[in-house]
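Undergrad: Kindly return the folded structure for what I paste below:
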Amino acid sequence: MKKTRMTLIVFAAIIIAVQVFHVNYSDLSWGVNAAAYIGICSMVLVIIAMVASNRHDKKNQAND
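TA: This next block holds a predicted model:
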(Lines give C-alpha, C1' and ligand atoms only; values in the text may rest on other atoms or scores of the structure.)
Protein backbone atom coordinates (compact mmCIF):
# COMPACT_ATOMS: atom_id res chain seq x y z
CA MET A 1 0.00 0.00 0.00
CA LYS A 2 2.89 2.36 0.73
CA LYS A 3 4.13 1.96 -2.84
CA THR A 4 0.71 3.03 -4.15
CA ARG A 5 0.73 6.11 -1.93
CA MET A 6 4.22 7.05 -3.05
CA THR A 7 3.12 6.69 -6.67
CA LEU A 8 0.19 9.02 -5.99
CA ILE A 9 2.54 11.55 -4.38
CA VAL A 10 4.80 11.53 -7.45
CA PHE A 11 1.80 11.76 -9.78
CA ALA A 12 0.39 14.71 -7.81
CA ALA A 13 3.77 16.47 -7.91
CA ILE A 14 3.88 16.05 -11.69
CA ILE A 15 0.37 17.50 -12.00
CA ILE A 16 1.42 20.47 -9.84
CA ALA A 17 4.37 21.09 -12.16
CA VAL A 18 2.07 20.99 -15.20
CA GLN A 19 -0.45 23.33 -13.56
CA VAL A 20 2.29 25.85 -12.76
CA PHE A 21 2.92 26.17 -16.50
CA HIS A 22 -0.77 26.86 -17.11
CA VAL A 23 -0.84 29.91 -14.86
CA ASN A 24 -1.10 33.19 -16.75
CA TYR A 25 1.62 35.19 -14.99
CA SER A 26 0.67 38.46 -16.70
CA ASP A 27 -2.73 38.32 -14.96
CA LEU A 28 -2.75 36.40 -11.67
CA SER A 29 -6.44 37.02 -10.96
CA TRP A 30 -8.74 34.22 -9.87
CA GLY A 31 -10.98 34.60 -12.92
CA VAL A 32 -8.18 33.87 -15.35
CA ASN A 33 -6.33 31.18 -13.39
CA ALA A 34 -9.04 29.49 -11.32
CA ALA A 35 -8.53 26.06 -12.88
CA ALA A 36 -4.79 26.13 -12.33
CA TYR A 37 -5.16 27.34 -8.74
CA ILE A 38 -7.74 24.69 -7.92
CA GLY A 39 -5.59 22.00 -9.53
CA ILE A 40 -2.53 23.04 -7.55
CA CYS A 41 -4.45 23.23 -4.27
CA SER A 42 -6.11 19.86 -4.78
CA MET A 43 -2.82 18.13 -5.58
CA VAL A 44 -1.17 19.70 -2.52
CA LEU A 45 -4.01 18.30 -0.42
CA VAL A 46 -3.58 14.87 -2.02
CA ILE A 47 0.12 14.93 -1.14
CA ILE A 48 -0.65 15.95 2.45
CA ALA A 49 -3.22 13.15 2.74
CA MET A 50 -0.83 10.51 1.39
CA VAL A 51 2.00 11.59 3.69
CA ALA A 52 -0.36 11.59 6.68
CA SER A 53 -1.63 8.14 5.70
CA ASN A 54 1.91 6.79 5.46
CA ARG A 55 2.73 8.21 8.89
CA HIS A 56 -0.45 6.76 10.36
CA ASP A 57 0.35 3.28 9.02
CA LYS A 58 3.93 3.52 10.26
CA LYS A 59 2.69 4.52 13.72
CA ASN A 60 0.17 1.66 13.81
CA GLN A 61 2.81 -0.87 12.76
CA ALA A 62 5.05 0.30 15.59
CA ASN A 63 2.22 -0.26 18.10
CA ASP A 64 1.49 -3.82 16.89
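
Undergrad: Where does the prediction get shaky in the chain?
TA: Within the chain, the ranges that satisfy pLDDT under 70 run 64.

Undergrad: do that again at 50, thanks
TA: Across the chain, nothing is flagged by pLDDT under 50.

Undergrad: can you give me the helices for it?
TA: Under the criterion DSSP state H, the chain contains helices at 2-22, 30-63.

Undergrad: Can you lay out the ones you listed as TSV showing mean neighbour count?
TA: Yep, even glycine has a C-beta here, placed from its N, CA and C like the rest. Listed next are these as TSV, based on neighbours: other C-beta atoms under 10 Å:
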stretch	mean neighbour count
helix 2-22	13
helix 30-63	13
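
Undergrad: Please look at Asp57 and Met50 and confirm they touch.
TA: No. Contact status for Asp57 versus Met50: not in contact, 10.7 Å apart, counting by C-beta atoms under 8 Å.

Undergrad: Tell me how far the residue lying closest to Val46 once chain neighbours are set aside lies from Ala49.
TA: Distances taken as C-beta to C-beta, 6 or more residues apart in numbering place Ala12 nearest to Val46, at 4.5 Å, with adjacent residues excluded. Separation of Ala12 from Ala49 (C-beta to C-beta, to the nearest Å) stands at 10 Å.

Undergrad: Next, show the common contact partners of the two.
TA: With C-beta atoms under 8 Å, 6 or more residues apart in numbering applied, the contact sets of Ala12 and Ala49 do not overlap.

Undergrad: centre of the chain versus stretch 3-20, how much separation?
TA: Relative to the chain's own centre, stretch 3-20 is displaced by 6 Å; criterion: C-alpha atoms, centre = their mean, to the nearest Å.

Undergrad: List the contacts of that stretch.
TA: Taking contacts as C-beta under 8 Å, 6+ apart, the residues outside stretch 3-20 that touch it are Ala36, Gly39, Ile40, Met43, Val44, Val46, Ile47, Met50, Val51, Ser53, Asn54.

Undergrad: between those, which is nearest Ser26?
TA: Set against Ser26, the nearest of these by C-beta to C-beta is Ala36 (13.5 Å).

Undergrad: can you pull the contacts of the closest one?
TA: Gln19, Val20, His22, Val23.

Undergrad: which one of the contacts of stretch 3-20 is nearest Lys2?
TA: Within the contacts of stretch 3-20, the smallest distance to Lys2 is 6.0 Å, found for Asn54 (C-beta to C-beta).
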